[in-house]
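1. Pasting the sequence and the predicted model now:
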Amino acid sequence: KYLDSIYSVVVDKLLNDGDWQCEAKKNFKQAFQTFETQLQQLEELDGDKGIDDLVDFITETPSNISDPVFSRWKTVMSCTRVVLQYWTQIYFVAVAVKQREIHQKK
């Protein structure tokens, strides 16, 4: 659950911080466009399902991911899909952790 908390803070900052958005557009434009498209599609869904899916996308990390076994390509591809789909969020979670470490050392 701690990772979900970090994830939701990072996604919130990504949605509201112009510097992070510029960095994402500069360094991985396609992944950030995918992130924005996913949000837009979820916002356009009608009813409670759309709201629930949007809340899940913003607050919950991907789960139930099996470890890749390189001799079994299907397991590698499923993990690869998760990394590609969530690359923007994964990158900024790493940025947030690194920034916190730097801040704590001061």
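-> Now that the structure is in, tell me what you want to look at.
2. Give the other helices and strands that the helix or strand L39 falls within contacts.
-> Under the criterion of DSSP states H and E, L39 resides in helix 29-44. Secondary-structure packing of helix 29-44 (3 or more CB pairs under 8 Å, 6 or more residues apart in numbering; DSSP states H and E): helix 18-27, helix 47-59, helix 73-85, helix 87-105. Quick note: C-beta positions are derived from backbone N, CA and C, even for glycine.
3. List of residues touching it?
-> 14-15, 21, 24-25, 50, 53-54, 57-58, 84-85, 87-89, 91 (CB atoms under 8 Å, 6 or more residues apart in numbering).
4. Just the pLDDT at the closest residue in space to L54 that isn't next to it in sequence, thanks.
-> Excluding its sequence neighbours, the residue lying closest to L54 (CB to CB, 6 or more residues apart in numbering) is L42, at 4.1 Å. We have a pLDDT of 88 for L42.
5. The spatially most central residue of the chain: what's it in contact with?
-> Per CA atoms, centre = their mean, the C-alpha nearest to the average position across the chain is that of Q89, at 2.5 Å. By CB under 8 Å, 6+ apart, Q89 lies in contact with 7, 10-11, 14, 35.
6. How about K13?
-> So K13 contacts 20, 92, 96 (CB under 8 Å, 6+ apart).
7. Include pLDDT when you put the residues you listed into a markdown table, please.
-> Below are the contacts of K13 laid out as a markdown table (pLDDT from 0 to 100):
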| residue | pLDDT |
| --- | --- |
| W20 | 94 |
| F92 | 94 |
| A96 | 90 |
